[in-house]
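J.: sequence? don't have it. structure:
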């Protein structure tokens, strides 16, 4: 049994990228298992341990397997500096998770299947703007430097990954306009991308597809 947790996922950014970033930010050494063999025996073995088997999953040194991406991300968040400082911050993190789940669902409608490509412009101009506006107002009312807390939490990690997908698909002029409209939200994006712990990770990931090019309209 390994003395490090193992994160298993496809060789794309997808739902595993925020978890990878959270592990790195938390100084947790891990095996980054990017595999195409999920349906060639891996999923069957994991299902024997956890019937909620899904990809990504985190196998702990104890042999326990945590499935479902948000469960994995929340587990990692509780292990170190991403943990909320108090009950109020935890409540805010939980609230923002709900919003980010909706945001991600809308993003997926513009990503899969390949025919969804026609949905990308409306996602960027309508859905994306709506959720960023909600988050911008939330930060303003609560007076936080990050989405829900005084210091980075898992929701900031998740947001950064989603915004990276948007920014990298937009023309520079378009992305600059979006950033100017939501300065607080994109202030988080800039801070996380420039964080010394994460700079190398984001630099290495920029050429990794967000989704499967074989099935997605947006990768």
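T.: Perfect, thanks for sending it. Only a predicted model underlies this, so the values are computations on that prediction, with no experimental measurement involved.
J.: Could you chop this protein up by domain?
T.: Domain assignment of the chain by automatic domain parsing yields the ranges 6-77, 87-196.
J.: As a markdown table, the ones you listed with distance to residue 209 and mean pLDDT would be great.
T.: All C-beta atoms are positioned from the backbone trio N, CA, C, and that covers glycine. Putting the domains of the chain into a markdown table (distance: least, C-beta to C-beta, whole Å; pLDDT from 0 to 100) gives the following:
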| stretch | distance to residue 209 | mean pLDDT |
| --- | --- | --- |
| domain 6-77 | 5 | 92 |
| domain 87-196 | 10 | 91 |
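J.: got TSV for those domains, with mean neighbour count and distance to residue 215 too?
T.: What follows is the domains of the chain, written out as TSV (neighbours: other C-beta atoms under 10 Å; distance: least, C-beta to C-beta, whole Å):
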stretch	mean neighbour count	distance to residue 215
domain 6-77	18	11
domain 87-196	17	6
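J.: Quick one, which of those domains gets closest to residue 212.
T.: The closest approach between residue 212 and any of those, judged by C-beta to C-beta, belongs to domain 6-77 at 6.1 Å.
J.: measure that closest one end to end?
T.: 16 Å (C-alpha to C-alpha, to the nearest Å).
J.: ok, and what's touching stretch 175-187?
T.: Under the contact criterion C-beta atoms under 8 Å, 6 or more residues apart in numbering, stretch 175-187 has outside partners 124, 128-129, 132-133, 135-136, 139-140, 145, 147, 159, 163, 166-167, 170, 189.
J.: Okay, helices next: where are they in the protein?
T.: Listed in chain order, the helices found in the chain under DSSP state H are 17-25, 43-49, 69-77, 87-109, 120-122, 128-142, 154-167, 172-181, 183-194, 199-205.
J.: Can I get these in a markdown table including distance to residue 63?
T.: Below are the helices of the chain laid out as a markdown table (distance: least, C-beta to C-beta, whole Å):
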| stretch | distance to residue 63 |
| --- | --- |
| helix 17-25 | 18 |
| helix 43-49 | 7 |
| helix 69-77 | 15 |
| helix 87-109 | 28 |
| helix 120-122 | 42 |
| helix 128-142 | 38 |
| helix 154-167 | 24 |
| helix 172-181 | 44 |
| helix 183-194 | 32 |
| helix 199-205 | 27 |
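J.: now do the same end-to-end measure for stretch 165-182.
T.: Start to finish, the residues bounding stretch 165-182 are 16 Å apart (C-alpha to C-alpha).
J.: sorry, that was for stretch 56-75
T.: Terminal-residue distance, stretch 56-75 (C-alpha to C-alpha): 13 Å.
J.: likewise stretch 20-31?
T.: In stretch 20-31, first residue to last residue: 10 Å (C-alpha to C-alpha).
J.: mind checking how far stretch 176-196 is from the chain centre?
T.: On the basis of C-alpha atoms, centre = their mean, to the nearest Å, stretch 176-196 is displaced by 15 Å from the centre of the chain it belongs to.
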